[in-house]
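Novice: coordinates only, no sequence provided:
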Ligand SMILES: Nc1ncnc2c1ncn2[C@@H]1O[C@H](COP(=O)(O)OP(=O)(O)OP(=O)(O)O)[C@@H](O)[C@H]1O
């Protein structure tokens with residue numbers, strides 16, 4: 001869907017922001033670009049919609065080289081969400097979201113209808129919030145409006161630059177979850193920039209870790225990254241707590257569960273689904289204060305997990 005081939009950007013003052021980058025993003029995939037400040041993430045994102053022109057290489061969307069496409073036409077197929085949202089302060093919220101459909105020549109009635117649907121989609125009741133001005137909304141609500149507006153033209157591609165950066169950690173987690181739910185239905189091809197490795201691991205189907213100087217240090221699934229960091233830089237960046245983070249991305253292995261026989265009812269807490277992660281298994285044990293958690297496939301018990309079993313499965317996932 002999106003392919004970067006040998007893409008580089010050297011600014012006029014000689015700063016190498018991005019160094020010969022090869023990256024591919026499949027249709028419907030959410031790829032996260034993560035790395036320390038100044039490593040070229042935003043530059044990479046802006047090269048995809050040609051807000052910045054690369055100095056080397058080529059970028060293809062659906063097989064066509066973006067440099068051969070009229071930039072205005074190109075950006076119509078690409079939603080863009082930024083941290084500073086960029087809502088028009090003197091326009092009411094509904095009107096802000098209507099801007100895009102109106103721009104594409106929709107009638108006022110159709111644009112209004114579409115904007116209301118989009119507000120509903122991102123969890124804002126248009127009757128309540130549509131007639132407010134941006135400053136009358138919380139940061140998290142404004143960010144949702146930003147997402148609604150980016151989706152207004154129904155673009156197949158969505159670029160998101162620190163989309164949840166400006167809100168407090170609790171709202172941030174809620175927005176991340178809401179967006180993942182939305183993405184499950186919409187299946188957009190998304191490239192998301194963050195400097196937060198937890199956000200990357202949580203959101204990304206695959207994660208590209210950038211190092212200073214615009215070098216791609218590793219590109220893989222969150223589980224691959226956490227289990228097998230490509231080098232010391234990635235290892236440091238994913239951090240000392242990567243064992244804990246791995247719990248969140250490692251699914252239960254049903255072939256390595258322990259049998260239910262011999263477990264006393266008093267030891268057994270609530271059961272979790274076999275599709276859950278090891279983190280959810282551990283969380284259930286802590287919540288119920290029980291040494292064993294039952295694992296179910298539908299209504300059928302398929303085995304149990306103990307802390308030792310979780311440890312074993314985590315080690316197994318490293319192979
Ligand atoms: N217009 C410019 N002229 C010269 N250098 C620039 C320009 N824009 C960005 N840079 C430099 O290019 C490098 C990459 O910047 P970029 O904004 O892509 O990084 P980033 O990874 O998105 O950083 P952050 O997480 O801090 O936003 C930085 O060293 C930055 O100072």
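Specialist: Arrived safely, thanks for sending. Please read all numbers here as calculations on a predicted model, not as lab measurements.

Novice: switch to C-alpha atoms for all contacts and neighbour counts from now on
Specialist: OK.

Novice: could I get the average pLDDT for the helix or strand containing residue 296?
Specialist: Residue 296 is located in strand 292-297, with elements delineated by DSSP states H and E. Mean pLDDT, strand 292-297: 93.

Novice: identify each buried residue in it, please.
Specialist: 292, 293, 294, 295, 296 (16 or more other CA atoms under 10 Å).

Novice: what's it in contact with?
Specialist: With CA atoms under 8 Å, 6 or more residues apart in numbering as the contact definition, strand 292-297 has outside contacts at 260, 267-274, 281, 284-285, 301-307.

Novice: tell me the spacing between the residue of the stretch 151-300 of the chain at minimum distance from the ligand and residue 266.
Specialist: Among residues of the stretch 151-300 of the chain, the one nearest the ligand by CA to the nearest ligand atom turns out to be residue 195. It sits 5.8 Å away. When CA to CA, to the nearest Å is the yardstick, residue 195 and residue 266 sit 45 Å from each other.

Novice: these two: who's more crowded?
Specialist: More crowded of residue 195 and residue 266, by other CA atoms under 10 Å: residue 195, with 20 against 9.

Novice: touching, residue 161 and residue 79? I think so.
Specialist: No - with contacts counted by CA atoms under 8 Å, residue 161 stays clear of residue 79, the gap being 11.1 Å.

Novice: contacting residues around the residue of the stretch 151-300 of the chain closest to the ligand?
Specialist: In this structure, residue 195 makes contact with 34, 35, 36, 37, 162, judged by CA under 8 Å, 6+ apart.

Novice: would you turn those into CSV with pLDDT, distance to residue 147 and neighbour count?
Specialist: Shown next, in CSV, are those (pLDDT from 0 to 100; distance: CA to CA, whole Å; neighbours: other CA atoms under 10 Å):
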residue, pLDDT, distance to residue 147, neighbour count
34, 95, 20, 27
35, 93, 23, 26
36, 90, 25, 16
37, 89, 24, 13
162, 91, 12, 19
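
Novice: which members of the residues you listed are positioned in strands?
Specialist: Those of the contacts of residue 195 mapping onto strands are residue 34, per DSSP state E.

Novice: of the contacts of residue 195, list those near the ligand.
Specialist: Of the residues in the contacts of residue 195, proximity to the ligand by CA under 6 Å from any ligand atom holds for residue 37.

Novice: among the contacts of residue 195, which two are most distant?
Specialist: Greatest spacing in the contacts of residue 195, by CA to CA: 36 and 162 (12.7 Å).
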